[in-house]
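J.: here is my input; please provide its structure:
(4 chains)
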There are 2 protein chains.
Amino acid sequence: MAEESCHRVAPVHTHPEQVPVRTALAALADPVRLLIVRELAGSPDWTRACGSFRVPVRKAALSHHFQVLRSAGLVEQRDEGAKRLNRLRREEFEARFPGLLDLVLREDD
Amino acid sequence: MAEESCHRVAPVHTHPEQVPVRTALAALADPVRLLIVRELAGSPDWTRACGSFRVPVRKAALSHHFQVLRSAGLVEQRDEGAKRLNRLRREEFEARFPGLLDLVLREDD
DNA sequence: CCAGGTGTTCGATGAATGGCGAACACCGAG
DNA sequence: CTCGGTGTTCGCCATTCATCGAACACCTGG
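T.: Residues are numbered from 1 along each chain as shown, chains lettered A, B, ... in the order given. Below is the predicted model of the structure:
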């Protein structure tokens, strides 16, 4: 019945199309998540593991933030060996919330 | 020294230009405030008093939400007799956060 | 197989947020 | 002036949220 071999449980994703506006706004309203999204926007897809971001929180909190970002349709994750690589869902998110991503990326604040 | 006559203290406003993105996003991420903004968007300027909105909270909470909306540069208020009339700061907010207002107004969710 | 690195999950905790009623302040109508 | 309506402020309470350390699971390199 198993689709693939005996790998660890894949992360649960939500497609931007299914995301309510409030969820997207709330996800982007947090300082740490904003850091992650911006840093991720400046890196090629699938080049950043979760632990590679320069954020002022520890692993547990970081893991929680990635859960929120997945639920908001902002981040996609894939397991690569021991690491979990990330990708910003630019196109899909832009299609669902036009201009929103640009808005938070073009900020210094 | 008084600018006008002996009126009650005017509400404190923040211009959208001075509003950090996080503040704007957080303000719009609340269900009640979203109701207010949407209802306000469907009414002409200065035609809606605070108490005239169909929201599921009482006066005290409502007053709090308007405080948040003012701080986020979303709403402007003016005293007219005993009532406090409201206006959605469409132009200014749009200039500061292009597309954001349209995004939350074009939603059914 | 073992060790080290990566990430998740599980309570616990403290802070922030949103809600309420009550009390107060202000205005216009009578 | 008194009253009813409008809105703010003040405690107080409940819920949510971000954070942590510790324990666990998984993968890779030796």
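J.: and chain A, which residues reach DNA strand C?
T.: Counting by Cβ under 7 Å from any atom of the strand, chain A comes close to DNA strand C at A:9, A:11, A:49-52, A:59-60, A:62-64, A:66-67, A:77, A:82-84. To be clear about C-beta, it is placed using only N, CA and C from the backbone, and glycine gets the same treatment.
J.: give me the pLDDT for the nearest residue to A:Glu107 once chain neighbours are set aside.
T.: For A:Glu107, ignoring the flanking residues on the chain, the nearest one in space by Cβ to Cβ, 6 or more residues apart in numbering or on different chains is B:Val21 at 5.0 Å. Predicted confidence (pLDDT) for B:Val21: 98.
J.: check A:Ser5 too.
T.: On the pLDDT scale, A:Ser5 is placed at 47.
J.: now the helices: where do they sit in chain A?
T.: Here chain A has its helices, by DSSP state H, at A:21-28, A:31-41, A:59-71, A:90-96, A:100-105.
J.: can you tell which of those helices is closest to DNA strand D?
T.: Closest approach to DNA strand D among the helices of chain A (Cβ to the nearest atom of the strand): helix A:59-71, 3.0 Å.
J.: so which bits of the closest one are buried?
T.: A:62, A:65-66, A:68-71 (16 or more other Cβ atoms under 10 Å in any protein chain shown).
J.: many thanks, I have nothing further to ask.
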